[in-house]
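Participant: below is the sequence, then the predicted model.
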Amino acid sequence: MTTADPSPAKRAREMVRAGAFASLSTLDANDGWPYGSLVMTACGHDGAPYILISRLAVHTKNIDADNKAALLFDHTGGFESRLAGPRASVSGRAERTDDAIARARFCARHPDAAELLRLDFAIYRIAVERGHLVGGFGDVHDIDGPDLSFDTAGCDELIANEAGIVAHMNYDHADAVDLYANVLLERSGGGWRLSGCDPEGCDLLRAGDTARLAFPAPVRTPADARTTL
């Protein structure tokens, strides 16, 4: 994660962007009790989280009855004391989306999602209303929903050319992508590839493993992304 902007909202958004899975909490449609489950996640260019859920699942039936939902993104792995590690939660309304960009980003992040979408699964966007960051002991922050969203004004060209940027890096600069993972992110192994590029960073993927490379400053055009990469 970058230290260029240490604000709680920025840090929480990076945890959301870096996550590929999260704990989902919904309200049971039968008795109103909290219900927890595990879901695949991806993100919009603005940082809004997406989830992929089946219409047969309990959490989907819960959302159909009351679309309030919360996601917990746990980044405490590797800490000797898990409670000293960082995590972020966001709460908001789950809304089904058929947006083509959301679908493309989700399938790039999770290649098996394309097959699930041909079955009974659908993508839901969480319209975040509030967040909560725990960066470690004593590092605790409540965050307003609007502060968790990245303003994508001026990013239309970058968003439209994301697939081309990702393909170019994967096919023409695969060695650089491995270096991003091995050197900058201290992740082992080869065969890493980009799965997405947003204004705040790149998502990396390898054999079921994921990583996040945050940019030192936001990029808003393909030229900016090229220079930073």
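Facilitator: Done, it's in. Note that the coordinates shown come from a computational prediction; the quantities given were computed from them, not determined experimentally.
Participant: contacts, neighbours, all on C-alpha from now
Facilitator: OK.
Participant: so what pairs up with L205 in the strands?
Facilitator: R193, T210 (DSSP bridges).
Participant: ok, how many other residues are close to it?
Facilitator: If you count neighbours by other C-alpha atoms under 10 Å, L205 ends up with 20.
Participant: that one: what's it in contact with?
Facilitator: Neighbour list for L205: R109, W192, R193, L194, S195, A211 [criterion: C-alpha atoms under 8 Å, 6 or more residues apart in numbering].
Participant: show me where pLDDT drops low in the protein?
Facilitator: 1-5 (pLDDT under 70).
Participant: give me the element V128 is part of.
Facilitator: strand 121-136 (DSSP states H and E).
Participant: returning to what we had before: export the contacts of L205 to CSV and tack on neighbour count and distance to V90?
Facilitator: Output for the contacts of L205, formatted as CSV (neighbours: other C-alpha atoms under 10 Å; distance: C-alpha to C-alpha, whole Å):
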residue, neighbour count, distance to V90
R109, 23, 20
W192, 25, 29
R193, 26, 28
L194, 26, 26
S195, 24, 23
A211, 22, 20
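Participant: kindly indicate which of those lies nearest D98.
Facilitator: Taking C-alpha to C-alpha as the measure, D98 lies nearest R109 of those, at 16.7 Å.
Participant: quick check: that closest one touching S195?
Facilitator: Yes: applying C-alpha atoms under 8 Å, one finds R109 in contact with S195, separated by 5.6 Å.
Participant: quick check: neighbours shared by those two?
Facilitator: Joint contacts of R109 and S195 (C-alpha under 8 Å, 6+ apart) are D203, L205.
Participant: thinking again about what came up before, nearest to I63, of the contacts of L205?
Facilitator: R109 (23.5 Å).
Participant: C-terminal to whatever helix or strand I51 lives in, what's the next element?
Facilitator: Per DSSP H and E: I51 is located in strand 49-54. Per DSSP H and E, the first helix or strand lying C-terminal to strand 49-54 is helix 58-65.
Participant: buried set for that following helix?
Facilitator: Residues of helix 58-65 classed as buried: V58, H59, T60, K61, N62, I63 (neighbour count, 16 or more other C-alpha atoms under 10 Å).
Participant: ok, the second one - contacts?
Facilitator: Under the criterion of C-alpha under 8 Å, 6+ apart, the neighbours of H59 are S25, T26, D28, Y35, S37, I53.
Participant: F150 falls within a strand, correct?
Facilitator: No: under the criterion used here (DSSP: H, G, I helix; E, B strand; the rest coil), F150 is coil, not part of a strand.
Participant: how close does the spatially closest residue to it that is not a sequence neighbour get to G78?
Facilitator: Spatial nearest neighbour of F150, chain neighbours left out: D46 (4.5 Å); criterion: C-alpha to C-alpha, 6 or more residues apart in numbering. Applying C-alpha to C-alpha, to the nearest Å, the value for D46 to G78 is 28 Å.
Participant: these two: which is more packed in?
Facilitator: Taking other C-alpha under 10 Å, D46 and G78 do not tie; D46 has more neighbours (18 against 8).
Participant: how close does the more buried one get to M40?
Facilitator: Counting by C-alpha to C-alpha, the gap from D46 to M40 is 18 Å.
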